[in-house]
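A.B. asks: here is a sequence with its predicted model. Questions after.
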Amino acid sequence: MNDDLEQLALRKTLAIMRAHPWMAPEALIDQVIRIRYDSGSYEGKKLKFIRLADRFHKAVAPHTACRSRCSACCHLPTMLYAYEASALANASGRTMATLPPREPSLSLAAAKQYFGKPCPFLKRDRCSVYEVRPVICRLHHSLNAGPEACNTSLPPEQRRVASYDVDLVEGPYHAFVREEAPLEPWGCIHEFFPTNPA
């Protein structure tokens, strides 16, 4: 990341935390710990992680390069759990493929082939299942000045995209699912939905 982009990302990060003190790293860590060790059910905790991801999205949205019909990130290998794929199938009426439980490294290796390919739910540069999109999509964003660097057809050295630290939420979310449901299949959205709808 170049100095200008780092400075821009820092200014935006500080602005986000000023407007939303609960977005400070230590505050986010406290929230995910509370969700993780809450006495509620697995289903209830998943819902709380989704709600936190939505709050995160709303807090960063005014500071992002992301806009309607800006769909470069929809050409990245989107990783999701089977329960998230099931929600997409229910919302869209599409048939969902069954994936076996795999080590995360194997799932990530399999997903590499889908880099640059549009998401199966991208329609006219818009998400057709936005309300039930996976957690990773709810968290993903760019703090760059514009969307140019998000273009997946650019060489890697030109794709410098700054973001607020999504790992503060995404990391604990993965740890939670893998601990509570270790056999929950995890894979690329293209694997769960390998064909285009008729």
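C.D. replies: Perfect, I can see it now.

A.B. asks: so which strand or helix has the residue nearest the centre of the chain?
C.D. replies: Nearest to the geometric centre of the chain sits residue 136, at 1.5 Å (CA atoms, centre = their mean). Element membership for residue 136 (DSSP states H and E) is helix 135-139.

A.B. asks: which residues are in contact with that helix?
C.D. replies: Under the contact criterion CB atoms under 8 Å, 6 or more residues apart in numbering, helix 135-139 has outside partners 49-50, 53-54, 56-57, 73, 78-80, 84, 127, 166, 169-170, 173. The C-beta positions use only the backbone N, C-alpha and C, and glycine is treated the same way.

A.B. asks: which residues touch residue 88?
C.D. replies: 80, 94, 96, 121, 129, 132-134, 189, 192-193.

A.B. asks: make CSV out of the residues you listed and add distance to residue 65.
C.D. replies: CSV is the format used below for these (distance: CB to CB, whole Å):
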residue, distance to residue 65
80, 23
94, 30
96, 32
121, 21
129, 22
132, 24
133, 18
134, 21
189, 22
192, 28
193, 27
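
A.B. asks: among these, who's most crowded?
C.D. replies: Neighbour counts for those peak at residue 189, which has 27 neighbours (criterion: other CB atoms under 10 Å).

A.B. asks: thinking again about what came up before, so which of the contacts of residue 88 belong to strands?
C.D. replies: Using DSSP state E, the subset of the contacts of residue 88 located in strands is residue 80.

A.B. asks: between the contacts of residue 88, which sits nearest residue 179?
C.D. replies: residue 80 (17.7 Å; CB to CB).

A.B. asks: ok, and the closest non-adjacent residue to residue 54?
C.D. replies: residue 138 (5.9 Å; CB to CB, 6 or more residues apart in numbering).
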